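Quick one: sequence and predicted model below, then my questions.
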Amino acid sequence: MKAGESAVMGGGGPAVNLKEGGERKEDGMEVELTDALAIDSSRPSHVPISLDLYPAAHELPPRPPPANECNYTHYYAIDVGKPFHDQYVFRHHNGLCVIGLASTHAAFMIDTEITGVDYNVGKTSRAEIKAVGKRKKNAQVLEGNSALCKVMAGETFFLVRCCVRGTLLEVNERLIKEPHLLVQRPDTEGYVAIMMPRPEDWKKAQPTFLTPEQYKERRGIPAISDKL
Amino acid sequence: MGFPDALQELLPRLPVDVVLELLRQEVCLRCIFRFLNVRDAVYSVDLPTTAEVYSKLLTSRNYREEDHKRFKSSELDRSLPGEATCLVCLGVLQHLHPAVGAESQADGAHKYENNAISCILKAFRDRGHSVEGTFCLEVSVTALVLLRERGLWCFLKDHFKEEALFSGEDVNDHIVSIKEAVKWSLLEGLENSLSAKFDATATLRIALVFKHPGCPADAKFLTAASAGGDSKRKRHGQQESESQGFAAVVAARGVSEAGETLAAVQRCLASMNNELFMESYQCPPSKVNSPCEITAVTWRNPVFVGGRYLKYSRNVSQSRWVIEEERMGEASVQEIIGDVVMPYYNADTYKFHAAGREDIDVRMLGTGRPFIIELLNARRIPSAEEIQKAELDINGQKEGWVKVKGLRRVGVEVCSLMRQGEIEKQKEYVAVVWLDRPVTQADFERLSNLKELEIQQKTPVRVLHRRSPLIRPRTIHWMRCEPLKGSDNYFLLHLCTQAGTYIKEFVHGDLGRTYPNVGSLLGCAADILQLDVVDVKMEFE
C-alpha cells in the first residue's frame, strides 16, 4: 500500500487499493481496464480501482443534487381547506406523491408547539389499513379533500388532506412517536403520507398546484432562499 | 435380397404359425418382432420383404408338412402384396431408412422418398442446425397405433389361445412399445448419417412425428370414445400433451380434431377391458391404404455462455429499457454482449441473466458481475476459440462502456447459480457521500466500527410503485471510509452488504424510510453523489 492512504482503511473485509499505480496519467483508466481484464481465472483478492474513476475535489459539486429534489417534482397546495393550511406534494418520477406540510403551514406559525400526529381520521385509522403486495391490495382510495391526519398543537388541531385522489400506500408512522420530525425535517423524515394517484387523477389535480416559484411568490419567500 | 444373420438366427426361435398369420394380416416384420417381444439388434437390420420371409418360412424345415398343405400358393400370392402398409404401425416402422439399391428405387421411389432418415436430413438442411457430436431423438406417433396394437392383441389372444406369449391382459405390458422400436430401428442408421451419437441429454433435439389421416373404422371408434369425455377432460389432455416435450408439442400443432390426442386415446383404451373393446372395434384392425406422414423438426434446447461483466458508463442500463417507445440510456449491457454473442450461435434470440443488477447510473467495476446469456434454438455451437473472439469483439468496442471477462460455455445449472448470486451473495460498493457539514475523523471511526449492522429498509419510494410495500431487514457487513483529498464535505464510503440492500437509500435515508442510515448514524443529512459496485462475492470462474 502506498503512502497517502488513510489510517481508517484498516477496516474489515478485503482492502480495496484505490491508489493502484499511483500516478494520475491521462490513460490511467485504460491501463486499469487492461489489468482488470488480464486477471481471469482466479478471482483477485484485491480489487484494483483507479482513483481516476472518482472525481477530484475540484470536480465535485458543492453538494449533490438532494435525493428529494432530483427525483421529485415539487408542487405546493396552499390554503387547503383553511387559510394557511399549506402542503407540499412531491411527485416522484414514477408517479408516487409524497404529501407533507409546507414551511408556511399554519401549524408552524402559532406559538403552541406541535404535540402529536393522529392518523385516526375517517372510519378507521389511516395507519391501520396497509397496502399488501405488488398490486397494493386492501389499500384505501382517498379523495383529494379526504383527511390524512390531524396535527395536534395543544388544544387546536390542523387537518392534513390528500390534495390528490389516489391510493394511500403508506403513512409516516414515525410521526406518531416523533411529531417533532414534522418541524425539524418537514420535507424528508417529516413527510405525512405517500399516495399513488392514477394518471388521470393526477392530470386533474396538477393544475390546482403551485410550482415552487409561484408558491414562494404567493407566500413572499425570497427566491434566493434555499431552505424552506 | 439376402437374409441378414441376425434374422437367420432369430426366425427359428419364433412360433412359426403366429409369424405366418401376422404376415398374412399385413403386419410388418418389425411389428411382428414387437408382438413376439423380441428385443435385440434385429430391429436395426436391413430386413427382407415380407414375401421373402413368408416363402422362406414355408420352405424351412421347422415348418410341418401338414401345415404347409393348408395354404395354396395362389392364396399366398393374393394375401401378400409384398410391401403393403402395416396395419399396426401404419408404416412407421417400415419407412425409416432410405430405400437402398436400384430395384427398390425403381418400384417405390415415390413411395419411400418419405422415409424418416431423409426427412430428418432434410429438416437439418431446412432449419440450418449443425450437428456437434450428439443429438437426441424424440418420437411422437399417432394415437391410432395404440388403438391398432390393442386390436391386434385382442385378435392374437383370441386366435392363438394356447400361445403363452399372448396370455397377458394388457397389451402395453407384453409388447415392445413403438417408440422403443423406432429408436432401435433408426438410431444406428441415424448416427451414421449424422456422424453423431445419440444422447438423451443432448441440446440438439430432433422431433420425429408420425401422423396418419386415419381410416373410417378408427374414426368412428374415436368419435364415440371422445364423446364420453367431458370438455374439461379434453382441456386437461391438451395441457398434458404440452408437458410431454418438444415432439409432443410439434405433434399437437398438427393433430386432427376428433379428440385424437395421445392422452385421450390412452385414457379411453384404459377404461375398457378386452371384451368390451372387441365389441366396439374390429379385430384384427382393418387394412390401410396409405402410410403415416413423417415430419421431422430440428431444434436446439437453450445453451449458455457466461462470464463477468464490467460497466464503465453511467448511462447504460443492464437490460433494454424502453418507456413509451423512448429508449432510456444509450445502450444496455444485455444488448452490447448479446448482440455480439448471438451471431456466433445463429440463435433465434437470447435472454440475459445476471447475479443481480445495478441502476443505470451505477458502474460495475472491480471483479465484475457474473452473467449468463441463454441462447434459444442455436443453429450452431461456436468453438472455444470463437467464444474468445466474441469476448475480444465486445472488449474492442470503441465506446468502451461494457467489458467482459472469462466468457465461456456454461451448463444449464448456472441458471440457479445466477438466482442464488442475486439473492444470497454479498456485494461490495464504493459510494461518494456528501454530508451537510464537514466530515470528521470521528465520523469515519463511527462508521468503520459498525460490523454486521442490521438496518430496516422499507421498499424505496422509487420502486414502491411496482414492488410490494414491505420492511426488509438487511445487513451492512462492514464499512470503511476514505477522505476525498481537498474536499471538506465529501468522502468515499466502501461498504459490503447483504444481497438486496438498496445502497442509495441507505446513504440518503429515503425520507427516513431506511433506518438507520448514514445520516442518522452521523447525526446530519447525508446524500450520495455517485455509486459503483466493486465486487459481487460469488465464485463464477
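Structure's in. What do you need? Keep in mind the model is a prediction, meaning the values are calculated, not measured.

contacts, neighbours, all on C-alpha from now
OK.

could you list every residue that touches B:Arg13?
If you count contacts by CA atoms under 8 Å, 6 or more residues apart in numbering or on different chains, B:Arg13 has none.

what's the answer for B:Ser317, then?
Contacts of B:Ser317 by CA under 8 Å, 6+ apart are B:Met328, B:Gly329, B:Ala331, B:Ser332, B:Val333, B:Glu358, B:Asp359, B:Ile360, B:Asp361.

Tally up the residues packed near the first one, please.
B:Met328 is flanked by 15 other residues according to other CA atoms under 10 Å in any protein chain shown.

Over to the second one?
Counted with other CA under 10 Å, the neighbours of B:Gly329 add up to 17.

Please pick the buried ones from the contacts of B:Ser317.
B:Gly329, B:Ala331, B:Ser332, B:Val333, B:Glu358, B:Ile360, B:Asp361 (16 or more other CA atoms under 10 Å in any protein chain shown).

The third one contacts B:Arg314, correct?
No - if you go by CA atoms under 8 Å, B:Ser332 and B:Arg314 don't touch, sitting 10.8 Å apart.

B:Pro213: neighbour count?
14.

Could you confirm it falls within a helix?
No - read with DSSP: H, G, I helix; E, B strand; the rest coil, B:Pro213 is coil and lies in no helix.

Could I get the pLDDT score of B:Lys111?
Reading off the confidence values, B:Lys111 has pLDDT 44.

And for A:Gly28?
A:Gly28 is given a pLDDT of 35.

mind listing the strands in chain A by residue range?
According to DSSP state E, chain A carries its strands in the segments A:72-77, A:87-92, A:97-101, A:116-118, A:141-142, A:147-153, A:156-161, A:166-171, A:193-196.

if I pick B:Gly189, what's in contact with it?
B:Ser44, B:His97, B:Ile117.

pretty sure the first one contacts B:Leu190?
Yep, that's B:Ser44 we're talking about. No - B:Ser44 is not in contact with B:Leu190 according to CA under 8 Å; the separation is 10.5 Å.

Who has more neighbours out of those two?
Taking neighbours as other CA under 10 Å, B:Ser44 and B:Leu190 compare with B:Leu190 leading, 23 against 20.

Return the residues in contact with the nearest residue to that one once chain neighbours are set aside.
Take B:Leu190 and drop its neighbours on the chain: the residue closest to it by CA to CA, 6 or more residues apart in numbering or on different chains is B:Ile117, 6.5 Å away. Going by CA under 8 Å, 6+ apart, B:Ile117 touches B:Leu96, B:His97, B:Pro98, B:Leu186, B:Gly189, B:Leu190, B:Ser193.

Could you dump those residues into TSV and include pLDDT and secondary structure?
Formatted as TSV, those follow (pLDDT from 0 to 100; DSSP: H, G, I helix; E, B strand; the rest coil):
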residue	pLDDT	secondary structure
B:Leu96	83	coil
B:His97	78	coil
B:Pro98	74	coil
B:Leu186	91	helix
B:Gly189	89	helix
B:Leu190	92	helix
B:Ser193	91	helix
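
that older thread, mind putting the strands of chain A in a markdown table, mean pLDDT included?
Shown next, in a markdown table, are those (pLDDT from 0 to 100):
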| stretch | mean pLDDT |
| --- | --- |
| strand A:72-77 | 96 |
| strand A:87-92 | 96 |
| strand A:97-101 | 97 |
| strand A:116-118 | 93 |
| strand A:141-142 | 92 |
| strand A:147-153 | 93 |
| strand A:156-161 | 94 |
| strand A:166-171 | 95 |
| strand A:193-196 | 96 |
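
for those strands, which one ends up most surrounded?
Highest mean neighbour count among the strands of chain A (mean count of other CA atoms under 10 Å in any protein chain shown): strand A:97-101, with a mean of 27.

Could you spell out the sheet neighbours of it, each with its direction?
When sheet partners are counted by DSSP bridges, strand A:97-101 sits next to strand A:87-92 (antiparallel), strand A:193-196 (antiparallel).

ok so, going back, in strands only, show me the contacts of B:Ser317.
Per DSSP E, the subset of the contacts of B:Ser317 in strands is B:Ala331, B:Ser332.

pLDDT check: weakest of the contacts of B:Ser317?
Lowest confidence among these: B:Met328, with 81.

quick one: that residue and B:Ser319 touch, right?
No - checked against CA under 8 Å, the pair B:Met328 and B:Ser319 is beyond contact range at 10.2 Å.

domains for chain A, by residue range?
A:15-59, A:67-219 (automatic domain parsing).

Chain B too?
Looking at automatic domain parsing, the domains of chain B come to B:84-300, B:303-423, B:425-536.

Tell me who's in contact with the residue of the stretch 51-200 of chain B found nearest chain A.
Of all residues in the stretch 51-200 of chain B, B:Glu132 sits closest to chain A, at 26.7 Å by CA to the nearest CA. By CA under 8 Å, 6+ apart, B:Glu132 lies in contact with B:Ala196, B:Arg380, B:Ile381.

could you flag which of these are buried?
B:Arg380, B:Ile381.

May I see the strands of chain A arranged in a markdown table, with distance to B:Thr459 as well?
Compiled in a markdown table, the strands of chain A are given as follows (distance: least, CA to CA, whole Å):
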| stretch | distance to B:Thr459 |
| --- | --- |
| strand A:72-77 | 17 |
| strand A:87-92 | 14 |
| strand A:97-101 | 14 |
| strand A:116-118 | 23 |
| strand A:141-142 | 20 |
| strand A:147-153 | 21 |
| strand A:156-161 | 24 |
| strand A:166-171 | 11 |
| strand A:193-196 | 12 |
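
So B:Cys186 sits against B:Pro98, correct?
Not Cys; residue B:186 is Leu. No - shown here, B:Leu186 and B:Pro98 do not form a contact pair, counting by CA under 8 Å, at 11.0 Å.

Give me the residue ranges of the chain where confidence is low.
I'll assume chain A. A:1-52, A:223-228 (pLDDT under 70).

my question was about chain B
Across chain B, the ranges flagged by pLDDT under 70 are B:1-2, B:60-83, B:99-113, B:225-261.

tell me the centre residue of it?
Against the mean C-alpha coordinate of chain B, by CA atoms, centre = their mean, the closest residue is B:Asn301 at 4.8 Å.

Now do B:Val533 against chain A, distance only.
11 Å (CA to the nearest CA, to the nearest Å).

Do I have it right that that residue meets B:Val362?
Yes - using CA under 8 Å, B:Val533 is in contact with B:Val362, at 7.1 Å.

Who is the closest residue to A:Asp187 other than its chain neighbours paired with across the strands?
Spatially, and ignoring its direct neighbours in sequence, A:Asp187 is nearest to A:Gly100 (6.7 Å; CA to CA, 6+ apart). As for beta bridges, A:Gly100 partners with A:Tyr88 under DSSP bridges.

Now do the strands in the stretch 301-450 of chain B.
B:303-311, B:316-317, B:322-323, B:326-327, B:331-332, B:349-354, B:363-376, B:402-410, B:427-435 (DSSP state E, counting those that start in this stretch).

what residues does the fifth one touch?
For strand B:331-332, the surrounding residues in contact (CA under 8 Å, 6+ apart) are B:Asn315, B:Val316, B:Ser317, B:Gln318, B:Ser319, B:Arg320, B:Trp321.

Make CSV out of the contacts of B:Gly189 and add distance to B:Phe371.
What follows is the contacts of B:Gly189, written out as CSV (distance: CA to CA, whole Å):
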residue, distance to B:Phe371
B:Ser44, 45
B:His97, 44
B:Ile117, 39
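
can you tell me which two in the buried ones among the contacts of B:Ser317 are farthest apart?
Of all pairs drawn from the buried ones among the contacts of B:Ser317, the one with the longest distance (CA to CA) is B:Ala331 and B:Glu358, at 14.3 Å.

Can you name the residue of the stretch 151-300 of chain B nearest to chain A?
Residue nearest to chain A within the stretch 151-300 of chain B (CA to the nearest CA): B:Thr203, separated by 26.6 Å.

Quick check: that residue vs B:Gly411, distance?
11 Å (CA to CA, to the nearest Å).

Show me which of these two is the more surrounded one.
Counting neighbours by other CA under 10 Å for B:Thr203 and for B:Gly411 shows that B:Thr203 has the greater number, 18 against 12.
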